[in-house]
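J.: After the sequence you'll find the predicted model.
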Amino acid sequence: MVQISRRRFLKIGAGTIAAGSALRNAARLTEPARAAAESGVRTVPTFCNVCFWECGAIASVRDGKLWKIEGNPLDPLSHGRLCPRGTGGIGAHFDPDRLRAPLVRTSERGEEKWRAVTWDEALNFVAEKMQKIRNDYGPESFAFFTHSLGGRFLRHTLRAYGVNNIAEPSFAQCRGPRDVGFTLTYGDDVSSPERTDIENAQCIVLIGSHLGENMHNTQVQEFAHAVGRGASIIVADPRFSVAASKAKFYLPIKPGTDIALLLAWMNVIVREDLYDKEYVGKYGFGFDQFAQIIQPYTPEWAYPETGIEPEAIRATAREMARYRPATLVHPGRHSSWYGDDAQRSRAIALLNALLGSWGRKGGLWVPASMSITDYPYPPYPEPRRPAADNPGNRYPFADESVSNGLREATITGRPYPIKGWMVYSTNLMNSLPNQPETIRAIQNLDLLVVVDTIPSEIAGWADVVLPESIYLERHDELHTGPFKQPYIALRQPVVDPPADQKPNWWIAKTLAEKLGLGAYYPWKDIEEYLAWRVKSSGYSYEQLKRDGVILGPKQPIYFEDGAPVTFNTPSKKIEFYSVQLQRAGFDPVPQYTRPDEGPPGSYRLLYGRAPMHSFSRTQTNPLLMDLMSENSIWLNGNEAARLGLKSGDYVRLRNQDGVLSDRVAVKATQRIRPDCVYMVHGFGHTSQGLRSALHKGASDTQLLTRYKVDPLMGGTGLHVNFVTIEPEV
Amino acid sequence: MPRYAMAIDTRKCVGCNDCVAACKTENNIPLGYTRDWITEEVHGAFPTLQLEIRSERCNHCDDPPCVSCCPTGASHIHDRGGVVLVDHDKCIGCKACIAACPYNARYVHPDGYVDKCTFCIHRVEEGLDPACVAVCPTHCMHFGDLDDPESDVSRLLASRPFHALIPEAGTKPCIFYLT
Ligand code: SF4
């Protein structure tokens, strides 16, 4: 199977010239004559879209040309400072590889041969195929994969058409296990942006979370501030991350053993009576059973599992207790690692509960929100069949669609056939593990539509590619965030798109009209819609256009200040012992299972983020590529010496299933354990259209052929692959 | 007369390169070139390690060899703040300054002249911080007047341990790294 798919990948290469020339022709046909009349500097407030943090920003245009973008000082997320991706975000406008016109496939799927067409032709084609799928199979047989705010209008169109299979890989491939683990414990998740009070924490515990490399702007700002004021930082990570270098305690944990460490920490805190008795007594459910279950998990028990000395476990547990409740055990974000991730996240939730930090200053605050009126649309049709991603409630605690479940349904045709996919702003080839399975699913489709700004790998497999204008060229849905202080933010165009790219709202509305669903878009254009929502909510659209951000009323965000104390669990308390888990046949208190070992001589493959790139979508942004143009493979220096490798040597990685990576440079470093290797996600592109990123570095996703599904919620544990290293000769 | 300098807090810096990105957009630096960059220095063996991350650039030295060696006077000390600048029109691209600079802070711009960090003097003269300082999400960079004891830079240097780069070159650098 792997070999067949390898050939398919090579086939992608055959389309180079065709893909390139179609793109160039499209450019020639549609490049508008740009008015050069503008002179001087003008600024436009908007918000960033290089990642989902969506920071408020102010873009500057000088002599008609996009010049720079800076943080909006009024914005509570950026505080006037963007992260490097945000600062370099303007490069996306100039990206020479971006999609320029709608494309219709002219050859085999995946060969990337295209014909540039008009929007009318492209959307007619899509609408016709969608009507046929609806007639032949029913609207439930069409699925939508999406990410972030920009997919809202397309979601609306598809809901109106009858789609109920809507999945965000950000659930099952990323934050889902964490959200489920916290919801099982507190009845609520940690939301996004996370409710972490890093700003006021006295002690911050990071478990694999590499803040500073992982550039969630507000969190990094607050983390640096915390370091500056001398907060106690505890980092458990197989890699000496940047955050580890700021830590008072660095615990070089063996990968996959975090639950053992968490149990031992809780064991010490309970055994030494260091927990917040009043808080646990008032809000906790099942503490006695919990305490009994964790009794055997001493630091001595955890030591051989984790490699962390018992005294270091004790010292860090006491350190956490010393600063409680202003101790934040960070819930992390990308948490689909080992297949028992919801339980690991639940252990993190429980440790926070012992420290009394949920709802408390310096822990995890209670989000404040403001209500923004929804536009009054007609009701969506009722789906006739339940969603296909989780048949029989196989993953009983999945509270969002499971993207890999939807892929599986597309492959098997069960519980019913899935015949069409629309994919918005998520490069499924790089966001779902096991690329051959994604390709098998695609081969069962009658229609694959990709809406994107660049010719991503998933676009390479599409029948129709619809080029979206980038965030600096379009309006978007309003951004309303529950946060420390609630806010509403506006994205508005700064410059025109360079060719025939269109905003997502226009694509969604025009497609709806072609599907006979015009009644779902009673508004003429986006500003009418946005202004209606803002005004109906009692705010001034003019002010929002001028300032970019409007702050809502301050509210108490800590229990001690009167924030609402609600736990939406079955017991209406913090569930130290979970009866619903026990009834469903799962551990009511998280238990540790030893991770599988790799074949002898192999290294566990770990991956993470770099501060200057977002996922696999920024590698053709010339400004960001100038900061980091390829990834490298981190390898412990002693291991490198043993293999006769030094930094800068090129190697290929071969995983346990025989898949061989693109060439990638070694980073021989003391900053990682000898039993694992690490690379930054998002590189090693194979789409011929991504000319400036093609084969630069290696793709971790390509090597993630194995994944371990979380039985609670369907998430895909991805840190379960092993590689050997083959020198390039 | 001010004497401009920077104090950069290596404890807070995460090496994110935002300073580099901001410099590039603010000053329209051509792709493939840069006026500032990140250096990482690792000491020790796993797991007992120290990591120092530094945002580096021209040190705007008090005794700049790049100025004394310049045959045309293009490389000069600005009359405000002691900032070392290159007059692009006077520069003949002979690269003597590049050879003289111990910090590798200069490059030949594709238009033929030598270029480097200006401390964003165009911003400073409008009362703004240099772009790298203003963008930094960690607030690790401080720009100010060494001759003003009340400036951020002076206060930090008075209260925190710090080091400068290659002091033995004797150029009297004006970028200080707080440790
Ligand atoms: S964190 Fe960075 S990339 Fe993400 S929205 Fe903010 S500035 Fe943009």
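T.: Yep, it's here. Numbers count the residues shown, from 1 in each chain, chains lettered A, B, ... in the order given.
J.: Can you tell me how far the most far-flung residue of chain B relative to its centre is from A:G637?
T.: Centroid-distance maximum for chain B: B:P47 at 32.2 Å, with CA atoms, centre = their mean. For B:P47, the distance to A:G637 equals 12 Å [CB to CB, to the nearest Å]. (Each C-beta comes from the backbone N, C-alpha and C, glycine too.)
J.: if we can go back for a sec, would you confirm that the residue farthest from the centre of chain B contacts A:I253?
T.: No: the pair B:P47 and A:I253 does not pass the contact test of CB atoms under 8 Å, sitting 9.9 Å apart.
J.: list the buried ones in stretch A:561-572?
T.: Residues A:563, A:567, A:569, A:571 are the ones in stretch A:561-572 that count as buried (16 or more other CB atoms under 10 Å in any protein chain shown).
J.: Closest one of those residues to B:F143?
T.: Nearest to B:F143 among the buried residues of stretch A:561-572 is A:A563, at 39.3 Å by CB to CB.
J.: is it fair to say the closest one lies in a helix?
T.: No: counting by DSSP: H, G, I helix; E, B strand; the rest coil, A:A563 is located in no helix; its state is coil.
J.: That one reaches A:V366, doesn't it?
T.: Yes: counting by CB under 8 Å, A:A563 does reach A:V366; the two are 3.9 Å apart.
J.: Give me the common contacts of these two.
T.: A:359, A:556-557 (CB atoms under 8 Å, 6 or more residues apart in numbering or on different chains).
J.: What sits closest to residue 81 if chain neighbours are left out?
T.: If you meant another chain, say so; for now it's chain A. A:G71 (4.4 Å; CB to CB, 6 or more residues apart in numbering or on different chains).
J.: try chain B instead
T.: Per CB to CB, 6+ apart, closest to B:G81 is B:Y4, 3.8 Å.
J.: is that neighbour in a bridge, and if so with what?
T.: Bridge pairing for B:Y4 (DSSP bridges) gives the partners B:D145.
J.: pretty sure A:V366 is touching A:I557, no?
T.: Yes: using CB under 8 Å, A:V366 makes contact with A:I557 at a distance of 5.1 Å.
J.: Looking at those two, which is more packed in?
T.: A:V366 (23 against 20; other CB atoms under 10 Å in any protein chain shown).
J.: so A:A398 makes contact with A:G392?
T.: No: applying CB under 8 Å, one finds A:A398 not in contact with A:G392, separated by 11.9 Å.
J.: out of these two, which sits in the busier spot?
T.: Neighbour count, other CB under 10 Å: between A:A398 and A:G392, A:A398 has more, with 22 against 8.
J.: Excluding chain neighbours, what is closest to the more buried one?
T.: A:M713 (4.3 Å).
J.: Would you verify that the one you found is located in a strand?
T.: No: if the criterion is three-state DSSP, then A:M713 is coil and not within a strand.
J.: Tell me who's in contact with it.
T.: Here A:M713 is in contact with A:172, A:176-177, A:180, A:342, A:395, A:397-399, A:402 (CB under 8 Å, 6+ apart).
J.: Please tell me how far it sits from A:F171.
T.: 8 Å.
J.: what residues do the two have in common as contacts?
T.: A:398, A:402.
J.: what mean pLDDT would you report for stretch A:428-448?
T.: Mean per-residue pLDDT for stretch A:428-448: 98.
J.: Which positions within that stretch qualify as buried?
T.: A:428-442, A:445-448.
J.: Give me the subset of those lying in helices.
T.: A:428-431, A:435-442 (DSSP state H).
J.: From B:T138, how far off is the residue nearest to A:V50 when sequence neighbours are not counted?
T.: Closest residue in space to A:V50, ignoring its immediate chain neighbours: A:R85 at 4.1 Å, by CB to CB, 6+ apart. Here the criterion is CB to CB. By it, A:R85 lies 15 Å from B:T138.
J.: who has more neighbours, the two?
T.: For A:R85 versus B:T138, neighbours defined as other CB under 10 Å are more numerous around A:R85 (30 against 25).
J.: So which other helices or strands are in contact with whichever strand or helix holds that one?
T.: Using DSSP states H and E, A:R85 falls within helix A:84-87. Here helix A:84-87 touches strand A:65-71, helix A:622-627, helix B:18-26, going by 3 or more CB pairs under 8 Å, 6 or more residues apart in numbering or on different chains; DSSP states H and E.
J.: CA atoms of that helix as PDB?
T.: C-alpha atoms of helix A:84-87 as PDB (Å, rounded to 0.1, in the frame of the first residue of the first chain):
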ATOM      1  CA  PRO A  84       7.100  37.000  13.500                       C
ATOM      2  CA  ARG A  85       4.600  35.300  11.300                       C
ATOM      3  CA  GLY A  86       2.200  38.200  11.700                       C
ATOM      4  CA  THR A  87       5.000  40.700  11.000                       C
END
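J.: related to what we said a few turns ago, okay, the shared contacts of A:A563 and A:V366 in TSV with pLDDT and secondary structure next?
T.: Output for those, formatted as TSV (pLDDT from 0 to 100; DSSP: H, G, I helix; E, B strand; the rest coil):
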residue	pLDDT	secondary structure
A:G359	98	coil
A:P556	98	coil
A:I557	98	coil
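J.: Read off the pLDDT value for residue 39.
T.: Going with chain A. So, for A:S39, pLDDT stands at 90.
J.: Chain B, not that one
T.: Note for B:T39: predicted pLDDT of 98.
J.: For the stretch 251-400 of chain A, which segments count as helices?
T.: A:258-271, A:277-283, A:287-293, A:299-306, A:310-323, A:341-354 (DSSP state H, counting those that start in this stretch).
J.: can you pull the buried residues of the second one?
T.: Read it as helix A:277-283. In helix A:277-283, counting by 16+ other CB under 10 Å, buried: A:279-280, A:283.
J.: Same question for the third one.
T.: Buried residues in helix A:287-293, counting neighbours by 16+ other CB under 10 Å, are found at A:287, A:289-291, A:293.
J.: Make CSV out of those residues and add pLDDT.
T.: Below are the buried residues of helix A:287-293 laid out as CSV (pLDDT from 0 to 100):
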residue, pLDDT
A:F287, 98
A:Q289, 98
A:F290, 98
A:A291, 98
A:I293, 98
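J.: what does chain B put close to chain A?
T.: Contact residues, chain B versus chain A (CB under 8 Å from any CB of the partner chain): B:9, B:11-18, B:20-22, B:24-26, B:28, B:31-32, B:34, B:42, B:44-47, B:49-51, B:53, B:134-140.
J.: which among the residues you listed end up buried?
T.: Buried among the residues of chain B next to chain A (16+ other CB under 10 Å): B:9, B:11-18, B:20-22, B:24-26, B:34, B:42, B:46-47, B:49, B:51, B:53, B:134-140.
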